[in-house]
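Q: Fold the stuff below for me.
(4 chains)
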There are 2 protein chains.
Amino acid sequence: MKTPAISESEWKVMQLLWKKAPQPAYDIIEQLSKTEAWHPNTIKTLLSRLQKKKAVGATRYKNLFLYEPLVAQNDCVRAETNTFLERVFGGSIKPLLVHFVENENLSDAEIDELKRILQKKGKR
Amino acid sequence: MKTPAISESEWKVMQLLWKKAPQPAYDIIEQLSKTEAWHPNTIKTLLSRLQKKKAVGATRYKNLFLYEPLVAQNDCVRAETNTFLERVFGGSIKPLLVHFVENENLSDAEIDELKRILQKKGKR
DNA sequence: GCACAATAACTACCCATGTAGTTAATTTTA
DNA sequence: TAAAATTAACTACATGGGTAGTTATTGTGC
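A: This next block holds a predicted model:
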(Lines give C-alpha, C1' and ligand atoms only; values in the text may rest on other atoms or scores of the structure.)
Protein backbone atom coordinates (compact mmCIF):
# COMPACT_ATOMS: atom_id res chain seq x y z
CA MET A 1 0.00 0.00 0.00
CA LYS A 2 1.13 3.51 -0.77
CA THR A 3 1.64 5.51 2.38
CA PRO A 4 2.01 9.26 2.65
CA ALA A 5 5.17 10.75 4.12
CA ILE A 6 4.90 10.95 7.87
CA SER A 7 7.19 13.28 9.73
CA GLU A 8 9.00 12.72 12.98
CA SER A 9 6.38 14.43 15.13
CA GLU A 10 3.54 12.97 13.19
CA TRP A 11 4.83 9.50 13.91
CA LYS A 12 4.32 10.08 17.58
CA VAL A 13 0.70 10.85 16.93
CA MET A 14 0.28 7.87 14.66
CA GLN A 15 1.80 5.54 17.21
CA LEU A 16 -0.90 6.49 19.65
CA LEU A 17 -3.63 6.04 17.10
CA TRP A 18 -2.32 2.69 16.08
CA LYS A 19 -2.35 1.62 19.66
CA LYS A 20 -5.93 2.70 20.14
CA ALA A 21 -8.53 4.16 17.84
CA PRO A 22 -10.72 6.03 17.46
CA GLN A 23 -9.66 8.68 19.92
CA PRO A 24 -10.65 12.30 20.37
CA ALA A 25 -8.01 14.99 20.07
CA TYR A 26 -7.86 15.68 23.74
CA ASP A 27 -6.91 12.09 24.54
CA ILE A 28 -4.04 12.31 22.16
CA ILE A 29 -3.06 15.66 23.58
CA GLU A 30 -3.14 14.31 27.06
CA GLN A 31 -1.02 11.31 26.27
CA LEU A 32 1.50 13.26 24.27
CA SER A 33 1.88 15.95 26.85
CA LYS A 34 3.42 13.34 29.09
CA THR A 35 6.35 12.88 26.82
CA GLU A 36 6.47 16.01 24.69
CA ALA A 37 6.45 19.65 25.61
CA TRP A 38 3.97 20.50 22.90
CA HIS A 39 1.27 23.08 22.90
CA PRO A 40 -2.16 21.52 22.35
CA ASN A 41 -2.48 23.50 19.16
CA THR A 42 0.67 21.93 17.89
CA ILE A 43 -0.92 18.54 18.22
CA LYS A 44 -4.08 19.73 16.55
CA THR A 45 -1.96 20.94 13.69
CA LEU A 46 -0.29 17.57 13.41
CA LEU A 47 -3.66 15.91 13.33
CA SER A 48 -4.91 18.26 10.63
CA ARG A 49 -1.89 17.64 8.52
CA LEU A 50 -2.23 13.91 8.91
CA GLN A 51 -5.84 14.26 7.96
CA LYS A 52 -4.98 16.30 4.93
CA LYS A 53 -2.58 13.68 3.69
CA LYS A 54 -5.11 10.96 4.34
CA ALA A 55 -3.16 9.23 7.04
CA VAL A 56 -5.92 9.63 9.57
CA GLY A 57 -9.64 10.05 9.27
CA ALA A 58 -11.97 11.90 11.60
CA THR A 59 -15.61 11.48 12.26
CA ARG A 60 -17.64 14.03 14.11
CA TYR A 61 -18.99 12.83 17.38
CA LYS A 62 -21.07 15.51 19.04
CA ASN A 63 -18.91 18.56 19.26
CA LEU A 64 -15.63 16.84 18.78
CA PHE A 65 -13.86 14.59 16.35
CA LEU A 66 -12.78 11.04 16.74
CA TYR A 67 -9.59 10.25 14.92
CA GLU A 68 -8.42 6.96 13.53
CA PRO A 69 -5.60 5.83 11.30
CA LEU A 70 -6.31 5.28 7.64
CA VAL A 71 -2.98 3.70 6.88
CA ALA A 72 -1.70 0.47 8.35
CA GLN A 73 1.20 0.63 10.73
CA ASN A 74 2.87 -2.19 8.92
CA ASP A 75 2.80 -0.38 5.63
CA CYS A 76 4.23 2.74 7.15
CA VAL A 77 6.92 0.81 8.90
CA ARG A 78 7.85 -0.88 5.70
CA ALA A 79 7.94 2.37 3.76
CA GLU A 80 10.00 4.13 6.39
CA THR A 81 12.30 1.18 6.61
CA ASN A 82 12.92 1.17 2.90
CA THR A 83 13.83 4.83 2.86
CA PHE A 84 16.13 4.35 5.77
CA LEU A 85 17.68 1.27 4.29
CA GLU A 86 18.22 3.00 1.00
CA ARG A 87 19.88 6.06 2.37
CA VAL A 88 22.00 4.55 5.07
CA PHE A 89 22.82 1.09 3.84
CA GLY A 90 22.51 1.55 0.12
CA GLY A 91 19.38 -0.52 0.04
CA SER A 92 20.63 -3.88 1.11
CA ILE A 93 19.42 -5.52 4.21
CA LYS A 94 22.37 -7.58 5.22
CA PRO A 95 24.70 -4.75 6.17
CA LEU A 96 21.94 -3.38 8.28
CA LEU A 97 21.41 -6.57 10.17
CA VAL A 98 25.10 -7.04 10.57
CA HIS A 99 25.42 -3.51 11.87
CA PHE A 100 22.71 -4.13 14.36
CA VAL A 101 23.89 -7.39 15.62
CA GLU A 102 27.45 -6.21 15.84
CA ASN A 103 27.21 -2.60 16.91
CA GLU A 104 24.06 -2.19 18.86
CA ASN A 105 23.98 -3.97 22.11
CA LEU A 106 21.73 -6.94 22.16
CA SER A 107 21.01 -8.82 25.30
CA ASP A 108 21.57 -12.55 25.43
CA ALA A 109 17.84 -13.09 25.53
CA GLU A 110 17.39 -11.05 22.40
CA ILE A 111 20.09 -12.95 20.66
CA ASP A 112 18.45 -16.22 21.57
CA GLU A 113 15.11 -15.04 20.40
CA LEU A 114 16.56 -13.96 17.14
CA LYS A 115 18.21 -17.29 16.68
CA ARG A 116 14.88 -18.96 17.20
CA ILE A 117 13.22 -16.76 14.65
CA LEU A 118 15.94 -17.45 12.15
CA GLN A 119 15.71 -21.12 12.85
CA LYS A 120 12.05 -21.19 11.99
CA LYS A 121 12.64 -19.05 8.97
CA GLY A 122 15.42 -21.23 7.69
CA LYS A 123 13.37 -24.38 7.97
CA ARG A 124 10.98 -23.55 5.19
CA MET B 1 30.83 11.30 18.35
CA LYS B 2 28.19 13.92 17.80
CA THR B 3 27.17 14.05 14.18
CA PRO B 4 25.27 16.81 12.45
CA ALA B 5 21.94 16.08 10.80
CA ILE B 6 22.47 14.85 7.28
CA SER B 7 19.60 15.01 4.87
CA GLU B 8 18.51 12.50 2.30
CA SER B 9 20.38 14.11 -0.59
CA GLU B 10 23.35 14.93 1.52
CA TRP B 11 23.73 11.28 2.38
CA LYS B 12 24.33 10.49 -1.25
CA VAL B 13 27.18 12.93 -1.28
CA MET B 14 28.59 11.60 1.96
CA GLN B 15 28.47 8.04 0.73
CA LEU B 16 30.74 8.99 -2.13
CA LEU B 17 33.13 10.82 0.13
CA TRP B 18 33.27 7.96 2.54
CA LYS B 19 34.11 5.67 -0.31
CA LYS B 20 36.93 7.87 -1.49
CA ALA B 21 38.42 11.09 -0.20
CA PRO B 22 39.55 13.69 -0.82
CA GLN B 23 37.74 14.41 -4.01
CA PRO B 24 37.13 17.59 -5.96
CA ALA B 25 33.59 18.75 -6.54
CA TYR B 26 33.53 17.76 -10.15
CA ASP B 27 34.29 14.13 -9.35
CA ILE B 28 31.34 14.04 -7.03
CA ILE B 29 29.21 15.76 -9.58
CA GLU B 30 30.21 13.32 -12.23
CA GLN B 31 29.49 10.29 -10.11
CA LEU B 32 26.18 11.58 -8.85
CA SER B 33 24.96 12.57 -12.27
CA LYS B 34 24.95 8.91 -13.13
CA THR B 35 22.26 8.20 -10.61
CA GLU B 36 20.60 11.52 -9.92
CA ALA B 37 19.18 14.12 -12.24
CA TRP B 38 20.76 16.95 -10.34
CA HIS B 39 22.12 20.18 -11.61
CA PRO B 40 25.80 20.61 -10.77
CA ASN B 41 24.92 23.65 -8.70
CA THR B 42 22.64 21.53 -6.63
CA ILE B 43 25.52 19.33 -5.70
CA LYS B 44 27.68 22.31 -4.94
CA THR B 45 24.97 23.54 -2.64
CA LEU B 46 24.88 20.22 -0.87
CA LEU B 47 28.61 20.35 -0.41
CA SER B 48 28.45 23.86 0.99
CA ARG B 49 25.78 22.90 3.43
CA LEU B 50 27.70 19.87 4.53
CA GLN B 51 30.71 22.07 4.94
CA LYS B 52 28.76 24.59 6.96
CA LYS B 53 27.60 21.93 9.35
CA LYS B 54 31.09 20.54 9.62
CA ALA B 55 30.33 17.22 8.03
CA VAL B 56 32.90 17.70 5.34
CA GLY B 57 36.06 19.73 5.15
CA ALA B 58 37.59 21.31 2.10
CA THR B 59 41.13 22.26 1.37
CA ARG B 60 42.03 24.47 -1.49
CA TYR B 61 44.10 22.80 -4.13
CA LYS B 62 44.98 25.21 -6.87
CA ASN B 63 41.72 26.69 -8.09
CA LEU B 64 39.50 24.03 -6.70
CA PHE B 65 38.63 22.42 -3.44
CA LEU B 66 39.21 18.92 -2.29
CA TYR B 67 36.48 17.64 -0.07
CA GLU B 68 36.70 15.02 2.58
CA PRO B 69 34.41 13.80 5.34
CA LEU B 70 34.92 15.13 8.83
CA VAL B 71 32.51 12.71 10.41
CA ALA B 72 32.88 8.97 10.50
CA GLN B 73 30.44 6.92 8.52
CA ASN B 74 29.94 4.65 11.45
CA ASP B 75 28.92 7.48 13.72
CA CYS B 76 26.45 8.79 11.19
CA VAL B 77 25.01 5.38 10.62
CA ARG B 78 24.58 4.92 14.30
CA ALA B 79 22.93 8.30 14.75
CA GLU B 80 20.60 7.79 11.85
CA THR B 81 19.78 4.35 13.07
CA ASN B 82 18.88 5.59 16.47
CA THR B 83 16.52 8.19 15.12
CA PHE B 84 14.91 5.65 12.89
CA LEU B 85 14.67 3.10 15.64
CA GLU B 86 13.15 5.62 17.97
CA ARG B 87 10.50 6.85 15.64
CA VAL B 88 9.49 3.64 13.99
CA PHE B 89 10.07 1.00 16.60
CA GLY B 90 9.80 3.00 19.75
CA GLY B 91 13.49 2.66 20.39
CA SER B 92 13.87 -1.02 20.90
CA ILE B 93 15.90 -3.13 18.64
CA LYS B 94 14.19 -6.44 18.84
CA PRO B 95 10.98 -5.47 17.06
CA LEU B 96 13.10 -4.09 14.31
CA LEU B 97 15.06 -7.24 13.84
CA VAL B 98 11.94 -9.29 14.03
CA HIS B 99 10.30 -7.08 11.46
CA PHE B 100 13.22 -7.50 9.17
CA VAL B 101 13.59 -11.16 9.48
CA GLU B 102 9.89 -11.73 9.13
CA ASN B 103 8.73 -9.12 6.67
CA GLU B 104 11.60 -8.28 4.44
CA ASN B 105 12.68 -11.02 2.19
CA LEU B 106 15.96 -12.50 3.16
CA SER B 107 17.70 -14.99 1.00
CA ASP B 108 18.75 -18.29 2.47
CA ALA B 109 22.35 -17.23 2.25
CA GLU B 110 21.61 -14.10 4.23
CA ILE B 111 19.80 -16.08 6.84
CA ASP B 112 22.73 -18.42 7.18
CA GLU B 113 25.14 -15.58 7.47
CA LEU B 114 23.06 -14.00 10.16
CA LYS B 115 22.94 -17.20 12.07
CA ARG B 116 26.69 -17.38 11.95
CA ILE B 117 27.02 -13.87 13.23
CA LEU B 118 24.62 -14.55 16.03
CA GLN B 119 26.43 -17.71 16.86
CA LYS B 120 29.70 -15.89 17.35
CA LYS B 121 27.98 -13.17 19.26
CA GLY B 122 26.26 -15.60 21.56
CA LYS B 123 29.48 -17.37 22.39
CA ARG B 124 30.93 -14.55 24.38
C1' DG C 1 47.95 40.34 -21.33
C1' DC C 2 43.37 39.01 -22.40
C1' DA C 3 39.41 36.22 -23.54
C1' DC C 4 37.60 32.08 -22.18
C1' DA C 5 36.56 28.19 -19.50
C1' DA C 6 36.28 26.30 -15.11
C1' DT C 7 35.15 26.83 -10.47
C1' DA C 8 33.38 29.00 -6.49
C1' DA C 9 30.23 32.06 -4.10
C1' DC C 10 26.12 34.12 -3.45
C1' DT C 11 21.19 34.47 -4.01
C1' DA C 12 16.57 32.69 -4.71
C1' DC C 13 12.39 30.19 -4.28
C1' DC C 14 9.15 26.76 -2.94
C1' DC C 15 7.59 23.24 0.10
C1' DA C 16 7.56 20.52 4.45
C1' DT C 17 7.87 20.73 9.21
C1' DG C 18 7.96 22.34 14.06
C1' DT C 19 5.69 25.29 16.65
C1' DA C 20 1.98 28.17 18.27
C1' DG C 21 -1.20 32.46 18.21
C1' DT C 22 -5.89 34.23 16.92
C1' DT C 23 -10.54 33.80 15.84
C1' DA C 24 -14.80 31.42 15.37
C1' DA C 25 -18.14 28.05 16.76
C1' DT C 26 -20.37 25.34 19.98
C1' DT C 27 -21.62 23.57 24.62
C1' DT C 28 -22.21 23.93 29.20
C1' DT C 29 -23.42 26.37 33.22
C1' DA C 30 -24.70 29.99 36.44
C1' DT D 1 -30.01 33.36 28.08
C1' DA D 2 -25.56 35.43 28.50
C1' DA D 3 -20.99 34.39 30.01
C1' DA D 4 -17.51 31.06 30.42
C1' DA D 5 -15.27 27.05 28.85
C1' DT D 6 -14.18 23.95 25.39
C1' DT D 7 -13.08 22.72 20.81
C1' DA D 8 -12.26 23.54 16.11
C1' DA D 9 -10.52 26.29 12.29
C1' DC D 10 -7.64 29.32 10.39
C1' DT D 11 -3.39 31.93 10.20
C1' DA D 12 1.49 32.66 11.04
C1' DC D 13 6.27 32.36 11.08
C1' DA D 14 10.94 30.51 11.24
C1' DT D 15 14.01 26.86 9.77
C1' DG D 16 15.65 23.14 6.79
C1' DG D 17 15.96 21.00 2.56
C1' DG D 18 15.55 20.30 -2.62
C1' DT D 19 16.63 22.61 -6.44
C1' DA D 20 18.87 25.85 -9.37
C1' DG D 21 19.94 30.68 -11.39
C1' DT D 22 23.32 34.59 -11.31
C1' DT D 23 27.57 36.69 -10.43
C1' DA D 24 32.33 36.81 -9.25
C1' DT D 25 36.87 34.91 -9.41
C1' DT D 26 40.74 32.58 -11.10
C1' DG D 27 43.76 29.75 -13.82
C1' DT D 28 44.93 28.77 -18.80
C1' DG D 29 45.67 28.86 -23.85
C1' DC D 30 46.69 31.81 -27.26
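
Q: beta partners of the closest residue to A:Y26 other than its chain neighbours?
A: Computed as Cβ to Cβ, 6 or more residues apart in numbering or on different chains, the closest residue to A:Y26 that is not its neighbour in sequence is A:L64, at 7.5 Å. (C-beta placed from N, C-alpha, C; glycine too.) Note on A:L64: beta-bridge partners by DSSP bridges are A:Y61.

Q: Please name the residues that touch A:L64.
A: Contacts for A:L64 (Cβ atoms under 8 Å, 6 or more residues apart in numbering or on different chains) come out as A:24-26.

Q: cutoff 10 Å now
A: A:L64 makes contact with A:24-26, A:58, according to Cβ atoms under 10 Å, 6 or more residues apart in numbering or on different chains.

Q: Filter those down to the buried ones, PyMOL style.
A: Of the contacts of A:L64, the buried ones can be selected in PyMOL as follows, counting by 16 or more other Cβ atoms under 10 Å in any protein chain shown:
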select buried, chain A and resi 24+25+58
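
Q: chain center to stretch A:111-124, what's the gap?
A: Relative to its parent chain, stretch A:111-124 has a centroid offset of 25 Å by Cα atoms, centre = their mean, to the nearest Å.

Q: Can you mark which positions in that stretch are buried?
A: Neighbour counts using 16+ other Cβ under 10 Å place A:111, A:114-115, A:117-118 of stretch A:111-124 among the buried residues.

Q: on that earlier part again, if I look at the residue nearest to A:Y26, how far off is DNA strand C?
A: The spacing between A:L64 and DNA strand C, counted by Cβ to the nearest atom of the strand, to the nearest Å, is 9 Å.

Q: before we move on, back to that, what's the closest of the contacts of A:L64 to B:L70?
A: Of all these, B:L70 sits closest to A:A25, with 44.2 Å by Cβ to Cβ.

Q: On the three-state scheme, the residue nearest to A:V13 when sequence neighbours are not counted is what?
A: Once flanking residues are discounted, A:V13 sits nearest to A:L46: 5.1 Å by Cβ to Cβ, 6+ apart. Per DSSP: H, G, I helix; E, B strand; the rest coil, the local secondary structure of A:L46 is helix.

Q: And the helices in chain A, which stretches?
A: Counting by DSSP state H, chain A has helices at residues A:8-19, A:25-35, A:40-52, A:73-89, A:93-103, A:108-123.

Q: Next, format the ones you listed as a markdown table and append mean pLDDT.
A: Listed next are the helices of chain A as a markdown table, based on pLDDT from 0 to 100:
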| stretch | mean pLDDT |
| --- | --- |
| helix A:8-19 | 97 |
| helix A:25-35 | 94 |
| helix A:40-52 | 97 |
| helix A:73-89 | 93 |
| helix A:93-103 | 81 |
| helix A:108-123 | 80 |
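
Q: Make CSV from those and add distance to DNA strand C to it.
A: Output for the helices of chain A, formatted as CSV (distance: least, Cβ to the nearest atom of the strand, whole Å):
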stretch, distance to DNA strand C
helix A:8-19, 3
helix A:25-35, 10
helix A:40-52, 4
helix A:73-89, 11
helix A:93-103, 23
helix A:108-123, 29
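
Q: wait, which of those is closest to DNA strand D?
A: Checking these against DNA strand D by Cβ to the nearest atom of the strand gives helix A:25-35 as the closest, at 3.9 Å.

Q: helices or strands up against that closest one?
A: Here helix A:25-35 touches helix A:8-19, strand A:23-24, helix A:40-52, strand A:64-69, going by 3 or more Cβ pairs under 10 Å, 6 or more residues apart in numbering or on different chains; DSSP states H and E.

Q: still on that earlier bit, any idea how far the residue nearest to A:Y26 is from chain B?
A: According to Cβ to the nearest Cβ, to the nearest Å, A:L64 stands 28 Å off from chain B.

Q: hmm, back to that, tell me which of the helices and strands packed on helix A:25-35 sits nearest to B:L16.
A: The closest of the helices and strands packed on helix A:25-35 to B:L16 is helix A:8-19. By Cβ to Cβ, the value is 26.4 Å.
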